[in-house]
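Student: A predicted structure for the sequence below; I have some questions about it.
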Amino acid sequence: MSVRQMMTEQASEQVPARFAICAETEAGEDGGVLGWGLAFDDEAVVVPTNGGLPNPFSGVKAALRMYGMVRPVQLVWVDPPDGRQLT
């Protein structure tokens, strides 16, 4: 196996799952995506849509708790985690 093939195989096994943290909306209220995230096996990173710096979290649940402190939020998977247990 070539080095390139090994790198490709390793990268495809470790690809993070993409997700969005979205504000729940009520009729007439603004909502939308609050942050875009990458979920790894042992952590998550969220880039807020308001121009802030990327935020590392111990996992997706921790990111949801933090973003949900101000208002109700929903997790939307862009790339479902394919059976992996992401925290």
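Tutor: Looks like it came in fine. Numbering: from 1, shown residues only.
Student: what about the helices in this protein?
Tutor: All helices of the chain, identified by DSSP state H, fall at 3-13, 60-67.
Student: for the longest one, packing partners?
Tutor: In terms of contacts (3 or more CB pairs under 8 Å, 6 or more residues apart in numbering; DSSP states H and E), helix 3-13 is packed against no helix or strand at all. For the C-beta atoms, the positions are set from N, CA and C on the backbone; glycine is no exception.
Student: who touches that helix?
Tutor: Outside helix 3-13, the residues that touch it by CB atoms under 8 Å, 6 or more residues apart in numbering are residue 1.
Student: against residue 68, how distant is the residue nearest in space to the middle of the chain?
Tutor: The residue lying closest to the centre of the chain (CA atoms, centre = their mean) is residue 37, at 2.7 Å. To residue 68, residue 37 is 14 Å away according to CB to CB, to the nearest Å.
Student: could you dump the helices of the chain to a markdown table with mean neighbour count and distance to residue 23?
Tutor: Listed next are the helices of the chain as a markdown table, based on neighbours: other CB atoms under 10 Å; distance: least, CB to CB, whole Å:
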| stretch | mean neighbour count | distance to residue 23 |
| --- | --- | --- |
| helix 3-13 | 9 | 33 |
| helix 60-67 | 18 | 8 |
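Student: any idea which of the ones you listed scores lowest on pLDDT?
Tutor: Ranked on mean pLDDT, the bottom entry among the helices of the chain is helix 3-13, at a mean of 84.
Student: okay, it in PDB with CA atoms only?
Tutor: Output in PDB follows, covering the C-alpha atoms of helix 3-13 (Å, rounded to 0.1, in the frame of the first residue of the first chain):
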ATOM      1  CA  VAL A   3       1.800   6.300   1.500                       C
ATOM      2  CA  ARG A   4      -1.000   8.200  -0.200                       C
ATOM      3  CA  GLN A   5      -3.400   5.200   0.000                       C
ATOM      4  CA  MET A   6      -2.600   4.900   3.800                       C
ATOM      5  CA  MET A   7      -3.200   8.600   4.300                       C
ATOM      6  CA  THR A   8      -6.500   8.400   2.400                       C
ATOM      7  CA  GLU A   9      -7.700   5.400   4.400                       C
ATOM      8  CA  GLN A  10      -6.700   7.000   7.700                       C
ATOM      9  CA  ALA A  11      -8.400  10.300   6.800                       C
ATOM     10  CA  SER A  12     -11.600   8.600   5.800                       C
ATOM     11  CA  GLU A  13     -11.700   6.700   9.100                       C
END
